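Visitor: Starting from these lines, generate the structure:
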Amino acid sequence: MSKTRLGIMASGGGSNADAILQSCADGKLNATGAVIISNNKDAGVHNVAKKHNVPSYHISRDMFRDGRQFADKLINIFREHQVDLILLAGYMRKLPPALIRSWRNAVLNIHPALLPAHGGKGMYGIRVHEDVLAKGDKETGVTIHFVDEEYDRGPILHQVGGVPVYPNDTPEKIAARVLEVEHRAYCEAVQIWMDKHN
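Guide: Down below sits the predicted model:
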């Protein structure tokens, strides 16, 4: 069976990208990193790409005259690298609708909370964990969902809860505990997707 070719989009350090690519390297996932795209030229995910010998590109919306050109560039790169599945791993921008249509049911995002709670526009990074604390949740977790045209609204593929929230917690402490679960859960979600599509 041929390996699923993964396209990864990230804005920051790329720890989820690293975990997924390491699972590929270790033979735990029958997949391979095809290409990485970041909207930040100095993002740590470019170093992750080098570590795993995966080509990476800096492509951001402000490099293009209009959204259509931006979408076309992303689509062309993913097609050029024969990407089967696109993974958003801390990508902080909304995807162009044309890209989502081109990989319908093949774009996944990881969200550091149990959707549908703590999701939607503006709910990313530390803000999610601040909201978990503010709402008095006793536990949190991770959601991997399909990407559609609305923030955090696509169908849920995989969800892992059970991350405790303590009375004296800080958003940073919660984020660290959730991140440990993210790395495992995202790999599990990729496997679930591959089981359905291979």
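
Visitor: Would you mind giving both backbone torsions of residue 157?
Guide: Residue 157 adopts backbone torsions of phi -90, psi -40, taken as degrees, to the nearest 10.

Visitor: what about it, distance to residue 30?
Guide: Applying Cβ to Cβ, to the nearest Å, the value for residue 157 to residue 30 is 18 Å. Every C-beta, even on glycine, is put in place using the N, C-alpha and C of the backbone.

Visitor: Which of the two has more residues huddled nearby?
Guide: When residue 157 and residue 30 are compared for neighbours, residue 157 comes out ahead with 18 against 14, by other Cβ atoms under 10 Å.

Visitor: need the longest helix for the protein.
Guide: In terms of residue count, the longest helix belonging to the chain (DSSP state H) is helix 171-197.

Visitor: who does that one touch, helix- and strand-wise?
Guide: Packed against helix 171-197 by the contact rule (3 or more Cβ pairs under 8 Å, 6 or more residues apart in numbering; DSSP states H and E) you find strand 4-10, helix 15-25, strand 85-88, strand 107-111, helix 126-134, strand 139-146, strand 156-164.

Visitor: would JSON lines of the ones you listed with mean pLDDT and distance to residue 186 be doable?
Guide: As requested, the helices and strands packed on helix 171-197 are exported to JSON lines (pLDDT from 0 to 100; distance: least, Cβ to Cβ, whole Å):
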{"stretch": "strand 4-10", "mean pLDDT": "97", "distance to residue 186": "10"}
{"stretch": "helix 15-25", "mean pLDDT": "97", "distance to residue 186": "5"}
{"stretch": "strand 85-88", "mean pLDDT": "98", "distance to residue 186": "7"}
{"stretch": "strand 107-111", "mean pLDDT": "96", "distance to residue 186": "5"}
{"stretch": "helix 126-134", "mean pLDDT": "95", "distance to residue 186": "16"}
{"stretch": "strand 139-146", "mean pLDDT": "97", "distance to residue 186": "6"}
{"stretch": "strand 156-164", "mean pLDDT": "97", "distance to residue 186": "8"}
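
Visitor: Between these, which one is closest to residue 76.
Guide: strand 4-10 (12.0 Å; Cβ to Cβ).

Visitor: Understood, closing this out.
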